[in-house]
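A.B. asks: sequence? don't have it. structure:
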């Protein structure tokens, strides 16, 4: 543990409970969040933050309570947005977009509107279609890995995690393959503020978002009157529930599908390298038994938790434990905390790739809004590691990663590594 982490542990247990703001972004970037969530799970699992950069909100930090909220869409609504939004950032984004970026997508709809729209895209990510995609994903993963330098430091996030994700997103959208890195770039544009990621100013962010929406409007125009295809845009264009959606809803779905298809996979690919370097005995297990790749992927998704939270709004007063959440209150389910709940998961802070129940995690959510692309993510991660194990005895992390400046996307900006040799 770093000196900063030790200092933060002391602070986490010394400040008044009422002053804890779990969404403090600096702690996510510095990786000092863990003792705060540990304390909340023990002392105040349904915690109210009265004053924050996001306004007032409740934090749900234990597994059982997160499940209760996530599976109760009759009480807890997604319609006001699924993330904690910094109020200053929200005001600036509304100036350039005229709305919150995620408004209008099917993930920010309640029933009965939500499910018919969600079903419009499910054929693209259904098992039968993924089986057809798998050989292409493997071919592209192999190309990426075969192009990596040996014995030289490079950024794993850039050359592997972003590249594989961009290739897969381009396939899912049937997006021009030569422009695939625009997709991960736009994802970073949507999820960052000026001074972080690729965002340099609000003006630059606005122009990049306009470019993204124009590109996808062109794809829509091409496909809405063409023969139906298996890509996500075709599915939206030819489904009765989404064919006549307005522009804001279409743009909201574009944002959802780009971010959803990018962050989980990309940050778990990076997270697996980080975790295996932090737990070398687990790396030894993996080398000794490649059949552990699939459970290792699931353990990384739990341990890393690539999306830290989801937000809901209470539609009526509702009691959880000894706290009454009032109608209209924001409620944040901290998946990243529930995945470390020792009342459900044994030794949850440890990274153990041969757990008895490796898929026991909250990272994809539960209930009607469970991640629609979870099988795509698992497929990519499994394939890339199968191909890694054929080529490289070890991938060594050179220095600590640079982490994302976000309380929502729990990920990596850079991860410097070196591959000493090929098999």
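C.D. replies: Perfect, thanks for sending it. For clarity, every value in this text was computed on a predicted model and none was experimentally measured.

A.B. asks: next SSE downstream of the helix-or-strand element of the chain with minimal mean pLDDT?
C.D. replies: None of the helices or strands of the chain scores lower by mean pLDDT, DSSP states H and E than helix 3-14, at a mean of 67. Going down the chain from helix 3-14, the next helix or strand is helix 25-30, by DSSP states H and E.

A.B. asks: list the helices and strands that following helix packs on?
C.D. replies: Applying 3 or more CB pairs under 8 Å, 6 or more residues apart in numbering; DSSP states H and E, one finds that helix 25-30 contacts helix 3-14, strand 402-403. (Glycine included, C-beta is placed from N, CA and C.)

A.B. asks: just the buried positions in that helix, please.
C.D. replies: Within helix 25-30, the residues that count as buried by 16 or more other CB atoms under 10 Å are 25, 27-29.

A.B. asks: right, and out of the residues you listed, which lies closest to residue 42?
C.D. replies: The closest of the buried residues of helix 25-30 to residue 42 turns out to be residue 27 (CB to CB; 17.8 Å).

A.B. asks: how about the contacts made by the spatially closest residue to residue 277 that is not a sequence neighbour?
C.D. replies: Excluding the flanking residues, the one nearest residue 277 by CB to CB, 6 or more residues apart in numbering is residue 397, at 4.0 Å. Neighbouring residues of residue 397 by CB atoms under 8 Å, 6 or more residues apart in numbering: 273-274, 277, 415-417.

A.B. asks: check which helix or strand covers residue 327.
C.D. replies: Using DSSP H and E, residue 327 sits in no helix or strand.

A.B. asks: isn't it right up against residue 76?
C.D. replies: No - using CB atoms under 8 Å, residue 327 makes no contact with residue 76, being 11.1 Å away.

A.B. asks: more neighbours: which of those two?
C.D. replies: Of the pair residue 327 and residue 76, residue 76 is the one with more neighbours under other CB atoms under 10 Å, namely 25 against 11.

A.B. asks: so what sits opposite the more buried one in the bridge?
C.D. replies: Counting by DSSP bridges, residue 76 forms beta bridges with residue 314.

A.B. asks: ok, of the contacts of residue 397, which one's closest to residue 309?
C.D. replies: Among those, residue 274 lies closest to residue 309 (CB to CB), at 20.4 Å.

A.B. asks: neighbours of the closest one, how many?
C.D. replies: Neighbour count of residue 274, defined by other CB under 10 Å: 22.

A.B. asks: residue ranges with poor pLDDT in the chain?
C.D. replies: 1-8, 96-104 (pLDDT under 70).

A.B. asks: remind me, longest helix of it?
C.D. replies: Ranked by residue count under DSSP state H, the longest helix found in the chain is helix 247-278.

A.B. asks: after that helix, which helix or strand is next?
C.D. replies: Per DSSP H and E, the first helix or strand lying C-terminal to helix 247-278 is helix 280-288.

A.B. asks: and the strands in the stretch 151-300 of the chain?
C.D. replies: 154-155 (DSSP state E, counting those that start in this stretch).

A.B. asks: how many other residues sit next to the closest residue to residue 149 other than its chain neighbours?
C.D. replies: In this structure, residue 149 finds its nearest non-sequential neighbour in residue 419, 7.5 Å apart by CB to CB, 6+ apart. Number of residues near residue 419 (other CB under 10 Å) recorded here: 21.

A.B. asks: cool, the one 4 residues further on as well?
C.D. replies: Residue 423 sits with 7 neighbouring residues when counted by other CB under 10 Å.

A.B. asks: wait, doesn't it sit right on residue 393?
C.D. replies: Yes - using CB under 8 Å, residue 423 is in contact with residue 393, at 6.1 Å.

A.B. asks: mind listing what the closest residue in space to residue 376 that isn't next to it in sequence touches?
C.D. replies: Excluding the flanking residues, the one nearest residue 376 by CB to CB, 6+ apart is residue 125, at 5.2 Å. If you count contacts by CB under 8 Å, 6+ apart, residue 125 has them with 172, 372-373, 375-376.
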